[in-house]
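**Student:** need a structure here:
(chains A and B)
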Protein chains: 2
Amino acid sequence: MYSFNDLQAIVEKSFGELQLPKEPRDLYEPISYTISLGGKRIRPVLCLMASNVFSDIIDKAVKPAMALEIFHNFTLIHDDIMDKAEVRRGKPTVYRKWNTNVAILSGDAACIVAYKYLVQTEPTILPEILKVFNTTALEVCDGQQFDMEYEKLPFVTEDDYLRMIELKTSVLLAGAAKIGALIGGASAGDAEKLYNFGKYLGLAFQLQDDLLDSFGDPKVFGKAIGGDIIANKKTFLMINATKLAKGETLSKLQKLVKEPTDTPEEKVEGVKQIYRELGIKELTEDRINHYYNLALAELVKLSVREERKEMLLGFAESLMKRDR
Amino acid sequence: MYSFNDLQAIVEKSFGELQLPKEPRDLYEPISYTISLGGKRIRPVLCLMASNVFSDIIDKAVKPAMALEIFHNFTLIHDDIMDKAEVRRGKPTVYRKWNTNVAILSGDAACIVAYKYLVQTEPTILPEILKVFNTTALEVCDGQQFDMEYEKLPFVTEDDYLRMIELKTSVLLAGAAKIGALIGGASAGDAEKLYNFGKYLGLAFQLQDDLLDSFGDPKVFGKAIGGDIIANKKTFLMINATKLAKGETLSKLQKLVKEPTDTPEEKVEGVKQIYRELGIKELTEDRINHYYNLALAELVKLSVREERKEMLLGFAESLMKRDR
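**Tutor:** Have a look, this model is predicted:
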């Protein structure tokens, strides 16, 4: 079976050979640019790995795996316009490097290119794969819309927040795993288990991202710590802190959120102090473990020999193996 | 066989029953809103009609026909942001009625919804239909990109302009006709003829739009006359006038394009006077007829009985039957 590194190499090699039209340059260069910014390629790797669980030959999953990464890049190009994000992986975002119109249209083209790659697979399972992909793609849009709406609300419930990150982040991992499984020849039941594996793992991953934004090691996390706190993002941590804080602690938290502090560090430290007092770190870790265990439970139920599940277990471990 | 009006009614009825998710409202309402603005639904009607040429039962073409209209609406939502268009069919455009972020994301969702409808057809021909659709969809993006780039150029050649309108307008009509034909059971050869029929008809239609913008009857045309002239658009008329004008006429034309006039009407009348002097109206009419005849020639070559071609001939006539 292929290792994580093998599959990552297959994905990189395939993108190295990606043939996009040369003209119009401002339509296709932003797509190559965004893909070249790199990343761990977890969506295509998961797709290929899920396929490999059921089949030793994974060739038919390569193009759909690329489609998932191209689709992901399409959402990044458009999200960066909507979120006014200037930098991605240390480089200017498409709408900053070119302009908003180029980012809108090259994003559109990327979405269609994703479909061009998706359909390059076994015709007999194409309707099923398209059904998964279309549903997933629309849910990702739902997630981004809820995310933007929640930014404007004074308060968001934990349930709403979890549903939002499930749509915005998890379902694409879930869809990637399911599509890979179907191409590998999985039964409907096993494909659904792979879907749930990706979904729960995505939830654990996103909650860990929330946690690391406040409590990570800046050298390992790759971003400055406290960005979510400074931006008043209603993360899992903040939602629970607001729910659990009482009396003076609540007043202090509300003041930190509403009133400017002398320095951003003061705000970050003040909020983190409250998180510590309320046990928010432990509460979040518990929830991460909850979803992580749900993901692993799906692997247990898979009707394949144990050794074929090991790669997926390794994938889950390496996805979560970041500094807590 | 179904008449144009029958097919239009089928399309309207289908859109009346369109089930989009209720939530998030700002994601799906702009899609329903744009579709409800109406129009002649020429793309879905052409798709159904092309199907009807080869099959009496057109049920399997209804969802893909809707997909073509939804895709067209997606491009309108995004083009209106890029072109800063405030009004469409007398109503505010999506980015004006909501905002740019809503227009970007609901446009994205519309594109994916189009794919959801497209795939609801006969699985055996799905790969072929997706191939036509994906190629066409990407070409429509190419066309919009070239259109935006040409706006910034001092001069555009007639060939470049024709290629741009082919991509931006014609290929979607061509794709609609081909997809309908394939669903109806057409041979590859006949499907290609339908593609060319749509392509040439689209070129004739767009050139006629250019012509009517300067020489149409404002009561029939539905827009103020001379919009292209006021906006200095490099239409087929302007490109040819610039090419043919010599000496004093050329100086006059360049002055009208570059220097402000007392009133917009003065500019419109001045340019139209030059168009008349140079025979631009007749030259454009000749070209419209050229493409129109090429479209009809494709019908002649179709390997079906003459009476089955009549509806398409009627479609071509009614599409072009506007005040010249």
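
**Student:** who touches the helix or strand containing A:Glu310?
**Tutor:** For A:Glu310, the host element (DSSP states H and E) is helix A:306-320. Contacts with helix A:306-320, where a contact means C-beta atoms under 8 Å, 6 or more residues apart in numbering or on different chains, come from A:1-4, A:42, A:45-46, A:49-50, A:52-54, A:197, A:201, A:204-205, A:208, A:288, A:292, A:295-296, A:299, A:302. The way it works is simple: take the backbone N, C-alpha and C, and place the C-beta from them, glycine included.

**Student:** quick check, distance from that helix to the centre of its chain.
**Tutor:** Relative to the centre of its chain, helix A:306-320 is centred 18 Å away, using C-alpha atoms, centre = their mean, to the nearest Å.

**Student:** for the record, mean pLDDT for that helix?
**Tutor:** Computed over helix A:306-320, the mean pLDDT rounds to 94.

**Student:** CA-only coordinates of it in CSV, if you can.
**Tutor:** The C-alpha coordinates for helix A:306-320 follow below in CSV (Å, rounded to 0.1, in the frame of the first residue of the first chain):
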residue,chain,number,x,y,z
GLU,A,306,-7.0,-4.6,9.7
GLU,A,307,-3.7,-4.0,7.9
ARG,A,308,-5.6,-2.1,5.1
LYS,A,309,-6.9,0.4,7.7
GLU,A,310,-3.5,1.2,9.1
MET,A,311,-2.7,3.9,6.6
LEU,A,312,-5.9,5.8,7.4
LEU,A,313,-5.1,5.6,11.1
GLY,A,314,-1.7,7.0,10.3
PHE,A,315,-3.3,9.8,8.2
ALA,A,316,-5.5,10.7,11.2
GLU,A,317,-2.5,10.7,13.5
SER,A,318,-0.3,12.8,11.3
LEU,A,319,-3.2,15.3,10.7
MET,A,320,-3.6,15.8,14.4
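
**Student:** in strands only, show me the contacts of helix A:306-320.
**Tutor:** Among those, no member is found in strands (DSSP state E).

**Student:** any of those residues buried? List them.
**Tutor:** A:2, A:4, A:42, A:45-46, A:49-50, A:52-54, A:197, A:201, A:204-205, A:208, A:288, A:292, A:295-296, A:299, A:302 (16 or more other C-beta atoms under 10 Å in any protein chain shown).

**Student:** would you mark the buried spots in stretch A:115-125?
**Tutor:** Buried residues in stretch A:115-125, counted by 16+ other C-beta under 10 Å: A:Tyr115, A:Lys116, A:Tyr117, A:Leu118, A:Val119, A:Gln120, A:Thr121, A:Ile125.

**Student:** from the residues you listed, list the ones also adjacent to chain B.
**Tutor:** Among these, the ones lying near chain B by C-beta under 8 Å from any C-beta of the partner chain are A:Tyr115, A:Lys116, A:Val119.

**Student:** so the first one sits against A:Met66, correct?
**Tutor:** So that's A:Tyr115. No: the criterion here is C-beta atoms under 8 Å, and A:Tyr115 misses it with A:Met66 at 11.7 Å.

**Student:** mutual contacts of the two, please.
**Tutor:** Contacts common to A:Tyr115 and A:Met66, judged by C-beta under 8 Å, 6+ apart, are absent.

**Student:** which residues in the stretch 1-150 of chain A form strands?
**Tutor:** A:87-88, A:91-92 (DSSP state E, counting those that start in this stretch).

**Student:** need those strands in CSV (columns: mean neighbour count and distance to A:Glu277).
**Tutor:** As requested, those are exported to CSV (neighbours: other C-beta atoms under 10 Å in any protein chain shown; distance: least, C-beta to C-beta, whole Å):
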stretch, mean neighbour count, distance to A:Glu277
strand A:87-88, 14, 33
strand A:91-92, 14, 39
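
**Student:** which of these sits closest to chain B?
**Tutor:** Closest approach to chain B among the strands of the stretch 1-150 of chain A is made by strand A:87-88 (16.9 Å; C-beta to the nearest C-beta).

**Student:** residues in contact with that closest one?
**Tutor:** Here strand A:87-88 has contacts from A:Thr34, A:Leu37, A:Leu76, A:Asp80, A:Thr93, A:Arg96, using C-beta under 8 Å, 6+ apart.

**Student:** buried sites along the helix holding A:Glu310?
**Tutor:** A:Lys309, A:Met311, A:Leu312, A:Phe315, A:Ala316, A:Leu319, A:Met320.

**Student:** can you check stretch A:97-108 too?
**Tutor:** In stretch A:97-108, counting by 16+ other C-beta under 10 Å, buried: A:Trp98, A:Asn101, A:Val102, A:Ala103, A:Ile104, A:Leu105, A:Ser106, A:Gly107, A:Asp108.

**Student:** what helix or strand is the residue nearest to A:Ile129 when sequence neighbours are not counted on?
**Tutor:** For A:Ile129, ignoring the flanking residues on the chain, the nearest one in space by C-beta to C-beta, 6 or more residues apart in numbering or on different chains is A:Ile179 at 5.4 Å. Using DSSP H and E, A:Ile179 maps to helix A:171-184.

**Student:** helices or strands next to that helix in the packing?
**Tutor:** In terms of contacts (3 or more C-beta pairs under 8 Å, 6 or more residues apart in numbering or on different chains; DSSP states H and E), helix A:171-184 is packed against helix A:42-54, helix A:59-82, helix A:126-152, helix A:188-215.

**Student:** pull the CA atoms of it into CSV?
**Tutor:** Provided in CSV are the C-alpha atoms of helix A:171-184 (Å, rounded to 0.1, in the frame of the first residue of the first chain):
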residue,chain,number,x,y,z
VAL,A,171,-17.6,17.8,4.4
LEU,A,172,-14.9,18.3,1.8
LEU,A,173,-12.6,15.9,3.7
ALA,A,174,-15.6,13.6,4.0
GLY,A,175,-16.5,13.8,0.4
ALA,A,176,-12.8,13.2,-0.6
ALA,A,177,-12.7,10.0,1.4
LYS,A,178,-16.1,8.8,0.1
ILE,A,179,-15.2,9.6,-3.5
GLY,A,180,-11.9,7.7,-3.2
ALA,A,181,-13.6,4.8,-1.5
LEU,A,182,-16.2,4.5,-4.3
ILE,A,183,-13.5,4.6,-7.0
GLY,A,184,-11.6,1.9,-5.1
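
**Student:** average pLDDT across it?
**Tutor:** Across helix A:171-184, the average pLDDT comes to 98.

**Student:** you'd agree A:Ala186 is up against A:Phe54?
**Tutor:** Yes: the pair A:Ala186 and A:Phe54 qualifies as a contact (C-beta under 8 Å) at a distance of 4.7 Å.

**Student:** from the ones next to chain B among the buried residues of stretch A:115-125, which land in helices?
**Tutor:** If you go by DSSP state H, those have A:Tyr115, A:Lys116 in helices.
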